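# Pasting the sequence and the predicted model now:
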Amino acid sequence: MSLNVERKRADNYISLTGELVKRDLRLKYRRSILGYLWSLLNPLMMMTVMVVVFSYMFRFDIENYALYLICGQTMFNFFNEATNKAMYAVIDNGMLIKKIYVPKYIFPISRVISCFVTTSFSLVAIVIVMLVTRVQFHVSILVFWIPLLYLLVFSCGVGMILSALSVKFRDVTHLYGVLTMAWMYATPIFYPIEAVPNEVAALIRLNPLYIFIHLLRELVLYGRVPGIGMWGLGALMAAAMFAVGAFVFSRLQDDFIYYI
């Protein structure tokens with residue numbers, strides 16, 4: 001009997017998560033003429049501007065630079081948007097949390113998932129760039145989803161930490177913008193890692209976002225399947241961040257009601 005009750009409850013929570021994701025998607029493109037098409041146009045337009053700036057002004061000599069850039073840009077933009085939205089998830093749903101009981105972790109995770117859905121449209125932009133620049137499609141592209149899954153899990157962990165901390169410490173919402181800007185420049189999105197000193201490059205290689213972006217580029221751009229060590233490191237970083245996020249969130253969630 002208790003097993004059936006738990007199963008029904010789990011189904012209800014999954015349904016609620018789905019409804020929250022649908023609501024976020026509707027709100028994002030409300031009153032927009034092009035709607036979901038912006039998920040495709042935005043990365044293409046940003047890539048075009050950055051290709052002009054960094055290919056001709058700063059002259060980074062990277063083969064297939066447009067594809068190199070859009071791979072990094074798509075991954076980082078997803079992480080940035082997902083964690084920023086997750087940071088406000090508990091605050092924005094304060095009235096609902098006060099009225100009924102639901103597992104509070106659903107709110108930040110649903111925000112990350114909704115951003116993941118829109119990012120899936122952005123992946124079409126990568127295919128378009130590959131076609132326009134005549135980059136060869138490799139068999140390795142079939143497992144492109146694994147780095148994205150790593151980043152999804154990692155972003156859920158970061159999102160849970162931010163959403164829990166921002167409830168009590170609203171300064172987090174202001175400081176995080178500075179952190180993400182620093183994180184962006186510490187990640188080889190528009191520059192090659194070879195352009196920085198060896199000491200700095202060694203630190204950058206410990207950056208989880210670099211790991212995930214590097215995996216995607218190896219599969220899509222270079223047609224290489226990374227070694228088991230790189231896959232294992234990416235999986236470890238994603239799982240560790242999710243575990244830390246879940247732990248922090250569970251320790252702080254009982255106090256949410258006093259601050260929302």
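Nice, thanks for sending it over.
# got the buried residues for stretch 239-250?
241-242, 245-246, 248-249 (16 or more other Cβ atoms under 10 Å). Heads up, the C-betas are built off the backbone N, CA and C, glycines and all.
# Using JSON lines, lay out those residues together with secondary structure and pLDDT.
Converted to JSON lines, the buried residues of stretch 239-250 look like this (DSSP: H, G, I helix; E, B strand; the rest coil; pLDDT from 0 to 100):
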{"residue": "241", "secondary structure": "helix", "pLDDT": "97"}
{"residue": "242", "secondary structure": "helix", "pLDDT": "97"}
{"residue": "245", "secondary structure": "helix", "pLDDT": "97"}
{"residue": "246", "secondary structure": "helix", "pLDDT": "96"}
{"residue": "248", "secondary structure": "helix", "pLDDT": "95"}
{"residue": "249", "secondary structure": "helix", "pLDDT": "95"}
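# Now residue 191: phi and psi?
With angles defined as degrees, to the nearest 10, residue 191 sits at phi -130, psi 150.
# right, I mislabeled it, should have said residue 225
According to degrees, to the nearest 10, residue 225 has phi -100, psi 110.
# Just give me the neighbour total for it.
15 (other Cβ atoms under 10 Å).
# pLDDT wise, what is residue 76 at?
Listed pLDDT for residue 76 reads 95.
# so what's it up against?
Contacts for residue 76 (Cβ atoms under 8 Å, 6 or more residues apart in numbering) come out as 184, 187, 189, 209, 213.
# same thing with residue 16?
Contacts of residue 16 (Cβ under 8 Å, 6+ apart): 102, 106.
# okay, it: pLDDT?
For residue 16, the model assigns a pLDDT of 71.
# The one 4 residues further on now?
Per-residue pLDDT puts residue 20 at 78.
# ditto for residue 48
So residue 48 comes in at 66 (pLDDT).
# just residue 140 next, same as before
pLDDT for residue 140: 92.
# can you count the residues close to the closest residue to it other than its chain neighbours?
Distances taken as Cβ to Cβ, 6 or more residues apart in numbering place residue 219 nearest to residue 140, at 4.5 Å, with adjacent residues excluded. If you count neighbours by other Cβ under 10 Å, residue 219 ends up with 23.
# hang on, residue 219 packs against residue 141?
Yes - judged on Cβ atoms under 8 Å, residue 219 makes contact with residue 141 at a distance of 5.9 Å.
# wait, doesn't residue 244 sit right on residue 157?
Yes - the pair residue 244 / residue 157 is scored as a contact, 6.0 Å apart, by Cβ under 8 Å.
# Can you tell me the element the residue nearest the centre of the chain falls in?
Closest residue to the average C-alpha location of the chain: residue 79 at 2.5 Å, with Cα atoms, centre = their mean. Under the criterion of DSSP states H and E, residue 79 resides in helix 65-87.
# Need the CA coordinates for that helix. PDB is fine.
C-alpha atoms of helix 65-87 as PDB (Å, rounded to 0.1, in the frame of the first residue of the first chain):
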ATOM      1  CA  TYR A  65      36.500  29.300 -35.700                       C
ATOM      2  CA  ALA A  66      32.800  29.800 -36.200                       C
ATOM      3  CA  LEU A  67      32.000  26.300 -35.100                       C
ATOM      4  CA  TYR A  68      34.600  26.400 -32.300                       C
ATOM      5  CA  LEU A  69      32.900  29.600 -31.000                       C
ATOM      6  CA  ILE A  70      29.300  28.500 -31.200                       C
ATOM      7  CA  CYS A  71      30.000  25.200 -29.400                       C
ATOM      8  CA  GLY A  72      31.500  27.100 -26.500                       C
ATOM      9  CA  GLN A  73      28.900  29.800 -26.600                       C
ATOM     10  CA  THR A  74      26.000  27.400 -26.600                       C
ATOM     11  CA  MET A  75      27.200  25.500 -23.600                       C
ATOM     12  CA  PHE A  76      28.100  28.600 -21.500                       C
ATOM     13  CA  ASN A  77      24.900  30.400 -22.400                       C
ATOM     14  CA  PHE A  78      22.900  27.500 -21.200                       C
ATOM     15  CA  PHE A  79      24.800  27.300 -17.900                       C
ATOM     16  CA  ASN A  80      24.500  31.000 -17.400                       C
ATOM     17  CA  GLU A  81      20.800  31.300 -18.200                       C
ATOM     18  CA  ALA A  82      19.900  28.100 -16.300                       C
ATOM     19  CA  THR A  83      21.700  29.000 -13.100                       C
ATOM     20  CA  ASN A  84      20.500  32.600 -13.100                       C
ATOM     21  CA  LYS A  85      16.900  31.500 -13.500                       C
ATOM     22  CA  ALA A  86      17.300  28.700 -10.900                       C
ATOM     23  CA  MET A  87      18.600  31.300  -8.400                       C
END
